[in-house]
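**Student:** generate coordinates for the sequence data below:
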Amino acid sequence: MTDWDGAFNLRDLGGIPLRTGGSTAIGQVFRSGRPETLTDAGWAALRAAGVTTVIDLRNPPERTRRVTDPVLADGHALGVDIVHAPTEDPDDPEFMRVVGPWLDHPRGFAGNLRMYPEKLAAVFTTIADAPGSVLVHCAGGRDRTGLVSATLLRLADAEIDAITDDYGAAFREASRRHARDLPALPLPGQGGYVEPMFSDAEIEERIAERVSVLRDWIADFDVRAYLSHAGVSGARIDALVARLQSDVL
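**Tutor:** Below you'll find the model as predicted:
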């Protein structure tokens, strides 16, 4: 189990079964929510795990610290390349019309990918080129991180049920953490939108409906063709597969 002190919704994309046998490589790609919750010890654990690149999928206004975040020593991220690579443009009216109603739902994945191939290409190029392990995160580690993670796992030929299980687990933790942290979040009209609080039963209902949609979409998604069309070179696509498949039997 991956444990970096203070980490929010942290998961290793390793150990996930592949359709052809074996499993994805452990310790190559991690996913999480916002890293501002990491303590100095958490950042030290991140570096000890071999992470050289952190890919931040958030938009600029989201990259802020909260009063509840730990105070860190100078140089806490020394040696780690922080790459800002948003997957969307919330200031684009067309994006908000097409994807806006589905920002917390896999129904929005296809539209997001279709509208911003260059943004997704930047994310996957960075993963392919990273000299060490990679952490990919957004705010909750649920939706944008879920899109990137599901796409990467599909490229690696992970079992479909395993992909949806990974998505469901991250959605569950993000939703539960939201309920715990609700008093510390900004209120509507005071700096941000607050998602309604859901019970555990409601969270499971939301996961079940979303997983059904994700399963149908991901099964038909030709990731290699998409990335190639988006401008990711064949060598980099092969590098992405190799990174995730190094534990194949």
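
**Student:** any idea of the pLDDT on residue 141?
**Tutor:** Here, the pLDDT recorded for residue 141 equals 96.

**Student:** hang on, isn't it packed against residue 32?
**Tutor:** Yes. Using CB atoms under 8 Å, residue 141 makes contact with residue 32 at a distance of 4.8 Å. Placement of C-beta: from N, CA and C, glycine included.

**Student:** for this protein, name the helix or strand with the lowest mean pLDDT.
**Tutor:** helix 160-181 (a mean of 89; mean pLDDT, DSSP states H and E).

**Student:** who touches that one?
**Tutor:** For helix 160-181, the external contacting residues (CB atoms under 8 Å, 6 or more residues apart in numbering) are 8-9, 11, 13, 16-17, 19, 31, 33, 68, 106, 140-142, 145-146, 149-150, 153-154, 185, 195, 197-198, 200, 203-204, 206-207, 210-211, 214-215, 218-219.

**Student:** and those residues, which of them are in helices?
**Tutor:** 145-146, 149-150, 153-154, 200, 203-204, 206-207, 210-211, 214-215, 218-219 (DSSP state H).

**Student:** about what we covered before: for the least confident helix or strand of the chain, which positions count as buried?
**Tutor:** 160, 162-164, 166-168, 170-175, 177-178 (16 or more other CB atoms under 10 Å).

**Student:** just those residues now: which is nearest residue 59?
**Tutor:** Distances from residue 59 to the buried residues of helix 160-181, taken as CB to CB, are shortest for residue 174 (17.3 Å).

**Student:** let me see the contact set for the residue nearest to the spatial centre of the chain.
**Tutor:** Compute the mean C-alpha point of the chain, and by CA atoms, centre = their mean the closest residue is residue 145, 1.7 Å away. Residues counted as contacts of residue 145 (CB under 8 Å, 6+ apart) are 31-33, 57, 136-138, 170.

**Student:** now the two most distant members of these.
**Tutor:** Greatest spacing in those, by CB to CB: 57 and 170 (13.2 Å).

**Student:** low-confidence stretches in this protein?
**Tutor:** Counting by pLDDT under 70, the chain contains low-confidence residues at 1, 178-194, 247-249.

**Student:** can you map out the strands along it?
**Tutor:** 11-12, 29-32, 51-56, 81-84, 133-137 (DSSP state E).

**Student:** right, so of those strands, which gets closest to residue 223?
**Tutor:** Of all these, strand 29-32 sits nearest to residue 223, with 14.5 Å by CB to CB.

**Student:** distance of the nearest residue to residue 51 once chain neighbours are set aside relative to residue 6?
**Tutor:** Ranked by CB to CB, 6 or more residues apart in numbering and with sequence neighbours excluded, the top spatial neighbour of residue 51 is residue 133, at 4.7 Å. In this view, residue 133 and residue 6 are 18 Å apart by CB to CB, to the nearest Å.
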